[in-house]
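Novice: Let's see this in three dimensions:
(chains A and B)
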Amino acid sequence: MRHIMQLKTAAFLLLAGFLAAGCAGTPTPPPILEQARNNYQAVRNDPQVVRYAPLELQRAEQLLNEAENLWREDADEQKVRHVAYLSAQRAAIAREKANLEVAQQAVDQFSEQRTQILLQSRTQEAERARQLAEQRGRELQQMGERTAAIEQQATEAQQKTAELQQQLQQQRIQAEQTRRGLVVTLDELLFDFNEAEVKPGAERTLAELVDFLRANPDRTVRVEGFTDAVGSADYNLDLSRKRAQAVKEKLTQMGIAENRIITEGYGESYPIATNETTAGRQLNRRVEIVISTGEERVSVR
Amino acid sequence: MRRRYLLGCVFILLVAVLGGCAHTPPPDEALAVSRSAISDAQSAGAYEYAPLELQQAQMKLDQAQAAMREDENTLARRLAEEAMADAKLAELKARSAKAQRAVNELQEGIQILQQQLEREG
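Specialist: The predicted model follows:
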């Protein structure tokens, strides 16, 4: 009985020994082979490596298979390690090759994007310049329009003067444009000799003048009387004043405000013809009515 | 009888030596390829971007040359092949690192441009 127990124990120990020996019979692979396996697994599952480094991947696989076979066939461990190392490095190369390819594509893509942005920037710049130019153009145009308006105003003023002259001429009033304004000359026929009373025949001419002054209420007149050189200077001066005054009274009677009319007598001064002849003296006996160009009063001779 | 035995031995020895020579000739070509791969890696900027791999490649090339001088041709070949793989890895690592740097710089530049554009726009 005791012998049998000893036999059993011996058999158990023997079995355990075999098992232990079996484990020792499949020793652990060298670390480099493990690393080659891991490296290959990692890159094989990387879609970028599969896509961009297929040849390197294939070479890593071949080398790994070769290393595995050598390992299984119990070849020289130096050789196994060598081939496993080559496989591991080849897998790393495959990864770097894929990285390089991806980066190069990104470089191309970003370069294109950069070009687009620069282009957009130039376009924006050009647009700003165009808007600025447009604005300058508008400003210039406005300035031009303003100048044109001023010019037109000047032209209109000139036209108005010409129109007045024409108007007066149409009304058969002798009018002459001078530096002081329009001058209407009433000849001595409107007055009797040595008289200051305006003759009824002169009223028609004055009526036309009144019409004109009504139509142009901003104008004022200066009535100036003159005589020939016959008689004393003092007497002539007085007569000329009375005649101018008479014309003013007539005009006020006909509805022109008194403050629009200034009178002045110059006697025998400022002759417009010779006093040696009858015809000349006739021309010198006169009343001149100067109409202001605008609102300003007519300047003194 | 004895002479014949001797002849047989010499023949076997000869075959073994010749066979040995034929099996592991000096790996001149492998060494040349490794040298060229190391030079490529250096040109690609491996000194800066993959110094460890480059150093390893150079070390193995030196060891391979030493092994060849000792007539250990098999070891020399293996070392040369590993040096070549190390150099190739160094080269690709340098090239991909440089490309990645270019990508980063471009991205940064684009960001700055876009900010500028938004400010002006």
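
Novice: can you pull the contacts of the residue nearest the centre of chain B?
Specialist: Nearest to the geometric centre of chain B sits B:Met84, at 1.5 Å (C-alpha atoms, centre = their mean). Applying C-beta atoms under 8 Å, 6 or more residues apart in numbering or on different chains to B:Met84 gives the contacts B:30, B:33-34, B:37, B:57. No exception for glycine: its C-beta is placed from N, CA and C like everyone else's.

Novice: If we only consider those residues, which is nearest to A:Thr277?
Specialist: When the contacts of B:Met84 are ranked by distance to A:Thr277 (C-beta to C-beta), B:Ala37 comes first, at 133.2 Å.

Novice: Near that closest one, how many other residues are there?
Specialist: Number of residues near B:Ala37 (other C-beta atoms under 10 Å in any protein chain shown) recorded here: 22.

Novice: And for the closest residue to it other than its chain neighbours, the neighbour number?
Specialist: Among residues not flanking B:Ala37 along the chain, B:Ala87 sits closest, at 3.7 Å (C-beta to C-beta, 6 or more residues apart in numbering or on different chains). Applying other C-beta under 10 Å, we find 31 residues neighbouring B:Ala87.

Novice: contacting residues around B:Ala87?
Specialist: B:34, B:37-38, B:40-41, B:46, B:53-54, B:57.

Novice: Give me the pLDDT for it.
Specialist: pLDDT, B:Ala87: 98.

Novice: what separates whichever strand or helix holds it from the chain centre, distance-wise?
Specialist: Assignment of secondary structure by DSSP states H and E places B:Ala87 within helix B:73-120. From the chain centre to the centre of helix B:73-120 is a distance of 18 Å (C-alpha atoms, centre = their mean, to the nearest Å).

Novice: And stretch A:198-212, by the same measure?
Specialist: Distance, stretch centre to chain centre, for stretch A:198-212: 60 Å (C-alpha atoms, centre = their mean).

Novice: try stretch B:60-69
Specialist: Between the centre of stretch B:60-69 and the centre of its chain there are 12 Å (C-alpha atoms, centre = their mean).

Novice: just to confirm, which helix or strand has whichever residue of the stretch 151-300 of chain A sits closest to chain B in it?
Specialist: Going by C-beta to the nearest C-beta, chain B is nearest to A:Glu151 of the stretch 151-300 of chain A, at 42.0 Å. Take DSSP H and E as the rule and A:Glu151 turns out to sit in helix A:77-170.

Novice: Around chain B, pick out the residues from the stretch 1-150 of chain A.
Specialist: A:78-79, A:82, A:85-86, A:89-90, A:92-93, A:96-97, A:99-100, A:103-104, A:106-107, A:110-111, A:113-114, A:117-118, A:120-121, A:124 (C-beta under 8 Å from any C-beta of the partner chain).

Novice: Just the buried residues from those, in ChimeraX please.
Specialist: Filtering those down to the buried ones (16 or more other C-beta atoms under 10 Å in any protein chain shown) takes a single ChimeraX command:
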select /A:82,85,86,89,90,92,93,96,97,99,100,103,104,106,107,110,113,117,121
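
Novice: can you pull the contacts of B:Ser93?
Specialist: One thing to correct before we go on: residue B:93 is Lys, not Ser. The contact partners of B:Lys93, by C-beta under 8 Å, 6+ apart, come to A:96, B:46, B:49-50, B:53.

Novice: Return the member of those nearest to A:Glu224.
Specialist: Using C-beta to C-beta, the shortest approach to A:Glu224 within the contacts of B:Lys93 belongs to B:Tyr49, at 109.8 Å.

Novice: separation between that closest one and A:Ala42?
Specialist: Distance, B:Tyr49 to A:Ala42, by C-beta to C-beta, to the nearest Å: 21 Å.

Novice: just checking, A:Val287 is part of a helix?
Specialist: No. Counting by DSSP: H, G, I helix; E, B strand; the rest coil, one finds A:Val287 to be strand, located in no helix.

Novice: give me the number of residues near it?
Specialist: Count around A:Val287 with other C-beta under 10 Å applied: 25.

Novice: and the nearest residue to it once chain neighbours are set aside, what element?
Specialist: For A:Val287, ignoring the flanking residues on the chain, the nearest one in space by C-beta to C-beta, 6+ apart is A:Leu186 at 4.5 Å. Assigned by DSSP H and E, A:Leu186 falls within strand A:182-187.

Novice: related to what we said a few turns ago, report the contact partners of the residue nearest to A:Val287.
Specialist: A:202, A:205-206, A:247, A:286-289.

Novice: One more: A:Ala42?
Specialist: A:Ala42 sits next to A:91, A:95 when contact means C-beta under 8 Å, 6+ apart.

Novice: re the thing from before, next up, the contacts around the closest residue to the residue nearest to the centre of chain B other than its chain neighbours.
Specialist: Of all residues not flanking B:Met84 in the chain, B:Ser34 sits nearest, at 4.4 Å (C-beta to C-beta, 6+ apart). By C-beta under 8 Å, 6+ apart, B:Ser34 lies in contact with B:57, B:60-61, B:64, B:80-81, B:83-84, B:87.

Novice: who wins for neighbours among those?
Specialist: Going by other C-beta under 10 Å, B:Ala87 tops the contacts of B:Ser34 with 31 neighbours.

Novice: In the helix or strand containing A:Gly280, which residues are buried?
Specialist: Per DSSP H and E: A:Gly280 is located in helix A:278-284. For helix A:278-284, burial by neighbour count (16+ other C-beta under 10 Å) applies to A:281, A:283-284.
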